[in-house]
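>>> Sequence plus predicted model, see below.
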Amino acid sequence: MKIYEFNANQFLPISQQEAWDFLSNPKNLQKIMPEDMGFEIVSGADKKMYAGQIIQYKVTPLPGFKTKWVTEITQVNYPNYFVDIQLEGPYKLWHHKHFIHPKEDGVLIEDVVHYAVPFGILGRMLHPIVIRPKLEEIFANRVEKMNKLFK
């Protein structure tokens, strides 16, 4: 299984606490996802984030392909980082680390995602032309929406 890595960074002129409050609330994920993904929370987002929390979503990563996405919050280190993994969903493997680094005039939000694609050789062939660009689009959309919310 080939494991890919994706990294994203965003500076926001807000406090670490403000960044934590927003990012650690699963309900806010719906606010920063692209509209065409049809992102919908099914269950598990009704409590403050904790290690072991299971959250279920419905998502349409590609037109005509609606799927369930089940994640588990595996680590929470308030207010510095949290980690989620996919238990069921569109990826063969998904491990996402969310870091919130305090800076002099705000915070640097750092995302490190390790993932593997499904469908064997076909998935690896589709990775550079469909899967990776979609992942980049999702994070670019998030940057845009968070800039509007916090700048």
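Received it, and whenever you're ready, just let me know what you need. Numbering: from 1, shown residues only.

>>> give me the element K66 is part of.
Using DSSP states H and E, K66 falls within strand 65-77.

>>> Please put the alpha-carbon coordinates of that strand into CSV.
Taking C-alpha atoms only, strand 65-77 is exported to CSV below (Å, rounded to 0.1, in the frame of the first residue of the first chain):
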residue,chain,number,x,y,z
PHE,A,65,-20.4,9.2,-5.5
LYS,A,66,-22.0,9.7,-2.1
THR,A,67,-20.5,7.8,0.8
LYS,A,68,-20.4,7.5,4.5
TRP,A,69,-17.3,8.8,6.3
VAL,A,70,-16.7,7.7,9.8
THR,A,71,-13.8,9.2,11.8
GLU,A,72,-12.4,8.7,15.2
ILE,A,73,-10.6,11.4,17.2
THR,A,74,-7.6,9.4,18.5
GLN,A,75,-5.6,12.1,20.3
VAL,A,76,-6.5,15.5,21.8
ASN,A,77,-3.8,17.7,23.3
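
>>> Just the mean pLDDT for that strand, thanks.
The average pLDDT within strand 65-77 is 96.

>>> In that strand, which residues are buried?
Using 16 or more other CB atoms under 10 Å as the test for burial, strand 65-77 gives 69-71, 73, 76. For the C-beta atoms, the positions are set from N, CA and C on the backbone; glycine is no exception.

>>> So what are the sheet partners of it and their directions?
strand 54-62 (antiparallel), strand 81-88 (antiparallel) (DSSP bridges).

>>> Sort out which residues of the longest one are buried, please.
Of all the residues in strand 54-62, those buried under the rule 16+ other CB under 10 Å are 55-57, 59-61.

>>> Contacts for the strand holding K66 next, please.
With CB atoms under 8 Å, 6 or more residues apart in numbering as the test, strand 65-77 has contacts from 24, 38, 42, 49-61, 81-90, 94.
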